[in-house]
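Colleague: one predicted model, sequence on top.
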Amino acid sequence: MNSILLGQAEAGPQSLLLSRANRHGIVAGSTGTGKTVTLQTLAKAFSDAGVPVFAADIKGDVSTIAKVAPTKFWDLYGTSGQTIRISVADMGPMLFSCLLELNEVQYGIINIMFELAKADNKPLNTIADVSSLLRYINQNTCSISNRYGHVKASTVGTIQRKLLILKTNQTADLFGPTNFKLGDLIQRQGSAGVINILSSQRLIEDPQMYTIFLFWLLNELFRQLPEVGDLEKPKLVFFFDEAHLLFRDAPKMFVSKVEQIVRLIRSKGVGVYFVTQNPADLPEQILAQLSNRIQHALRAYTPAEQKGLRAASQSFRPNPAFDTAEAIQQLGIGEALVSVLDEQGVPSQVQKTKIGAVKIPAAPALNTVVSAPAINSSVNLDLMLPKNEGLKTFVVQETPKAPAKIIQVTKQRSSFGHFIKKCVSLAACVMVFWSLPIAVSFSFAFAG
Ligand SMILES: Nc1ncnc2c1ncn2[C@@H]1O[C@H](COP(=O)(O)OP(=O)(O)OP(=O)(O)O)[C@@H](O)[C@H]1O
Ligand SMILES: [Mg+2]
């Protein structure tokens with residue numbers, strides 16, 4: 001397999017070459033036009049081709065892919081997947097400053113704080129660690145100014161007030177010693193790539209943390225993976241959903257960092273696919289690097305939307321059979337304009353394509369369906385799990401009509417085995433209890 005099928009066009013099937021999948025891509029379109037279904041199609045196809053995938057699930061509608069492909073769930077809050085923690089030290093001064101929306105002067109103080117933690121070997125895992133370091137800086141402005149340059153107590157005070165916001169909106173709880181390795185995201189099950197889904201329904205309520213966490217992951221992949229050039233297929237494909245949030249009110253320094261990472265990460269074997277409503281949501285310099293394009297319908301009424309439509313249509317290599325801008329507006333649900341890179345790295349002529357949606361069984365039938373209250377009770381959970389099989393996926397429905405949620409359980413005990421163990425230990429107790437007086441009377445009899 002050297003390509004993955006995207007869908008059917010009049011000119012024939014439209015496929016994405018795996019060897020060009022690291023040249024990044026974009027899935028765009030107005031709401032309800034088919035972006036998530038396309039994301040699922042791509043994720044499943046990459047997984048079938050042995051390529052691990054990472055995607056955030058913002059509305060809870062990506063997760064159903066777990067019914068048809070090996071999937072692992074992650075969650076910063078630890079409720080719908082394996083808990084991820086990241087330390088402040090690992091996040092680094094720039095991203096931490098962006099999270100707090102600091103200006104350049106305040107960023108300078110954060111830099112000093114990181115330097116100080118390193119030099120004096122002070123912990124910098126949690127927000128509490130940040131608070132105590134800032135307190136320390138405030139109490140020692142003179143000596144620290146001598147060591148690192150002028151530090152104003154009032155600037156430190158402003159940062160402390162901003163920290164308070166992190167504490168009140170519970171973002172602070174998401175920090176702790178980093179508890180996972182990037183290798184955990186690049187896994188295969190048999191010949192299939194594992195699809196990693198970051199449950200983000202709650203996380204997206206904190207858009208700053210959502211984007212900074214995803215960007216941190218990308219940055220870590222860039223930092224830690226070795227240079228490999230162009231591979232036969234990518235090592236990992238990373239979907240960045242609601243990508244416009246990444247650039248909303250972002251400082252210039254941050255945008256140029258994103259641009260640099262996106263440009264360089266392809267030679268580490270990572271393909272990044274941005275998912276957003278309008279391509280104009282992304283800065284020019286990022287857009288220019290997204291070579292594999294899937295454009296669903298765009299409704300363009302306002303001047304801003306018209307501008308977006310123009311940008312979207314001009315980014316395609318035209319097809320003499322139709323006008324690109326007109327076609328984008330007329331596409332039906334699940335249809336898209338598709339252009340991908342060929343063997344020579346040249347974009348293919350744009351084609352109107354019917355995207356082949358992944359067939360996901362409607363009935364929630366992974367392993368079993370249980371009710372949510374049963375999941376909350378460990379006793380019921382024990383009874384529910386028939387064998388000791390490691391990671392298991394369940395579909396949970398609170399009521400028959402409620403949307404299905406998918407949960408994964410890692411530690412499982414065989415209920416039967418557990419029952420036998422209890423019986424054996426009870427029997428042992430009974431035997432000891434009964435045999436003791438008999439043994440005592442025997443010993444008296446012998447003594448007598
Ligand atoms: N390729 C397709 N084939 C068949 N039906 C599709 C396809 N794509 C989308 N649909 C239908 O359209 C609906 C909406 O699609 P989807 O959720 O992917 O839109 P979206 O662009 O992600 O919307 P939003 O911006 O609101 O998240 C799907 O639930 C499905 O019924
Ligand atoms: Mg969607």
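Modeller: Cool, the structure landed. Ligands and ions are numbered 1, 2, ... in the order given.
Colleague: going forward, measure contacts between C-alpha atoms and count neighbours the same way
Modeller: Noted.
Colleague: correct me if wrong: L298 contacts K307.
Modeller: No: counting by Cα atoms under 8 Å, L298 sits too far from K307 to count as a contact (11.3 Å).
Colleague: between these two, who's got more neighbours?
Modeller: Between L298 and K307, counted using other Cα atoms under 10 Å, the more crowded position is L298 (27 against 14).
Colleague: next, that one: secondary structure please.
Modeller: coil (DSSP: H, G, I helix; E, B strand; the rest coil).
Colleague: and it, what does it touch?
Modeller: Taking Cα atoms under 8 Å, 6 or more residues apart in numbering, we find L298 in contact with G29, S30, N278, L309, I328, Q329.
Colleague: what sits against the second one?
Modeller: The neighbourhood of S30, defined by Cα under 8 Å, 6+ apart, consists of Q277, N278, H296, A297, L298, R299.
Colleague: can you check the last one too?
Modeller: Applying Cα under 8 Å, 6+ apart to Q329 gives the contacts A297, L298, R299, A300.
Colleague: look at the second one and report its pLDDT.
Modeller: Pointing back at L298 there. In this model, L298 is scored at 94, pLDDT.
Colleague: against ligand 1, how distant is it?
Modeller: From L298 across to ligand 1, the span is 10 Å (Cα to the nearest ligand atom, to the nearest Å).
Colleague: next, that residue: phi, psi?
Modeller: Per-residue torsions, L298: phi -120, psi 130 (degrees, to the nearest 10).
Colleague: residues near the closest residue to ligand 1 within the stretch 201-350 of the chain, how many?
Modeller: At 3.5 Å from ligand 1, G334 is the closest residue in the stretch 201-350 of the chain, using Cα to the nearest ligand atom. G334 sits with 20 neighbouring residues when counted by other Cα under 10 Å.
Colleague: pLDDT at the residue lying closest to F114 once chain neighbours are set aside, what is it?
Modeller: Nearest residue to F114 in three dimensions, chain neighbours excluded: P93, at 6.7 Å (Cα to Cα, 6 or more residues apart in numbering). At P93, the predicted lDDT confidence score is 96.
Colleague: P93: how many residues sit nearby?
Modeller: With other Cα under 10 Å as criterion, P93 counts 20.
Colleague: residues contacting it?
Modeller: Y107, I110, N111, F114.
Colleague: at 7 Å what do you get?
Modeller: Residues near P93 by Cα atoms under 7 Å, 6 or more residues apart in numbering: I110, N111, F114.
Colleague: of those, closest to L163?
Modeller: I110 (11.8 Å; Cα to Cα).
Colleague: for D249, grab the count of nearby residues.
Modeller: Applying other Cα under 10 Å, we find 9 other residues in the vicinity of D249.
Colleague: can you get me the start-to-end distance on stretch 90-105?
Modeller: Counting by Cα to Cα, to the nearest Å, you get 21 Å between the two ends of stretch 90-105.
Colleague: flag every residue of this structure that's near ligand 1.
Modeller: Contact residues, the chain versus ligand 1 (Cα under 6 Å from any ligand atom): T31, G32, T33, G34, K35, T36, V37, I333, G334, I355, G356, A357.
Colleague: quick one, domains of the chain?
Modeller: Per the record, the chain has its domains at 3-84+180-355, 88-174, 369-413, by automatic domain parsing.
Colleague: just those: most buried one?
Modeller: Highest mean neighbour count among these (mean count of other Cα atoms under 10 Å): domain 3-84+180-355, with a mean of 19.
Colleague: got a list of what N219 touches?
Modeller: Applying Cα under 7 Å, 6+ apart, we find N219 in contact with I261.
Colleague: ok, then the element right after the host helix or strand of it?
Modeller: Under the criterion of DSSP states H and E, N219 resides in helix 207-224. Next along the chain after helix 207-224, taking DSSP H and E as the criterion, comes strand 236-241.
Colleague: so how far is that following strand off the chain centroid?
Modeller: Averaging C-alpha positions (Cα atoms, centre = their mean, to the nearest Å) puts strand 236-241 8 Å from its chain's average.
Colleague: what's the answer for stretch 179-194, then?
Modeller: 13 Å.
Colleague: L225 - nearest residue in space that isn't next to it in sequence?
Modeller: Nearest one to L225, counting by Cα to Cα, 6+ apart, is K268 at 6.0 Å.
Colleague: hmm, which helix or strand of this protein has the shakiest average pLDDT?
Modeller: Sorting the helices and strands of the chain by mean pLDDT, DSSP states H and E puts helix 378-384 at the bottom, at a mean of 36.
Colleague: identify the farthest-apart pair in the residues of the chain next to ligand 1.
Modeller: Farthest pair in those, by Cα to Cα: T31 and G356, 18.6 Å.
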